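Q: Sequence below, structure please.
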Amino acid sequence: LLKALASHLREHREELYALSHRTGATLADAKFDVDGGIAVLSAYASKARRELPNDTVYVEGDVEPLGKGGTFVGQHLCTPLLGVAVQINAFNFPVWGPLEKLAPAFVAGMPSLIKPASQTAYLTARLVELIVESELLPEGSMQLLCGDAGDLLDHLTEQDMVAFTGSADTARRLRA
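A: Numbers count the residues shown, from 1 in each chain. All right, here's what the predicted structure looks like:
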C-alpha cells in the first residue's frame, strides 16, 4: 500500500510543488521536500516487504536460554501498540515530515495523528487530502489536526507514541 501511495503522490508532485512555493520555499526546496517524502514511502515499502512478515507478530532473534539446562527459554515477540502515533511536524518539511513518520507507523499497524506546523499546515492538509482521495489506506489509519493541540498529550498512554521534529522550545514543552 505504501508503494502504491508513493506512486499516487508522484502523480500530484507538480501541485504539491506549487503549494510549497506559497510557503516561500524555492522550487529546489519544494522538490527536495516533496520528492524526499515520496522516496521515504517507497523505501519503507521496500524495507517492509523484504524484512517483515505479513503478520501482526514479528519474531525478533533466536530462542535464548534463560535458565540452566535449557528448561527455561525466551524469545522476543514484537506486536503493534494499541494506541495512536502522534506526529508533530516542523514547518520546513510539510510533506516529507508527515510521510517519514506515517510510513513506519503504518507498517507497525498504528494509526497516525498528523499535527503540522501552523505556518505550512495548508500544504500538509492538501497532502492528507490526496492520501484520503487515493482510497489506498484503510479508513481511520490517518487523522489531521491543524492548530493548537490543546491537552492532546495529556491523554496519551504507554500504548501511544509521539514522533517530533521541531524547535527546541517545543521539545522542552514536550519533555516536560
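
Q: any idea how far residue 154 lies from residue 176?
A: 12 Å (Cβ to Cβ, to the nearest Å). Just so you know, the C-beta spots here come from the backbone N, C-alpha and C atoms, and that holds for glycine as well.

Q: whoops, I mixed them up, residue 36
A: Residue 36 is 31 Å from residue 176, where distance means Cβ to Cβ.

Q: Please settle this for me: is residue 137 part of a strand?
A: No: under DSSP: H, G, I helix; E, B strand; the rest coil, residue 137 falls outside any strand and is assigned coil.

Q: Test my guess that it contacts residue 130.
A: No: no contact is recorded between residue 137 and residue 130 when judged using Cβ atoms under 8 Å, the distance being 11.3 Å.

Q: Buried residues in the longest helix belonging to the chain, which are they?
A: Assignment by DSSP state H gives helix 27-51 as the longest helix of the chain. When burial is assessed from 16 or more other Cβ atoms under 10 Å, helix 27-51 yields the following buried residues: 29-30, 32-35, 37-38, 40-42, 44-45, 48.

Q: Flag every buried residue along stretch 121-135.
A: In terms of neighbour count (16+ other Cβ under 10 Å), stretch 121-135 has its buried residues at 121, 123-128, 130-131, 134.

Q: nearest to residue 8, of those?
A: Taking Cβ to Cβ as the measure, residue 8 sits nearest to residue 134 out of the buried residues of stretch 121-135, at 4.5 Å.
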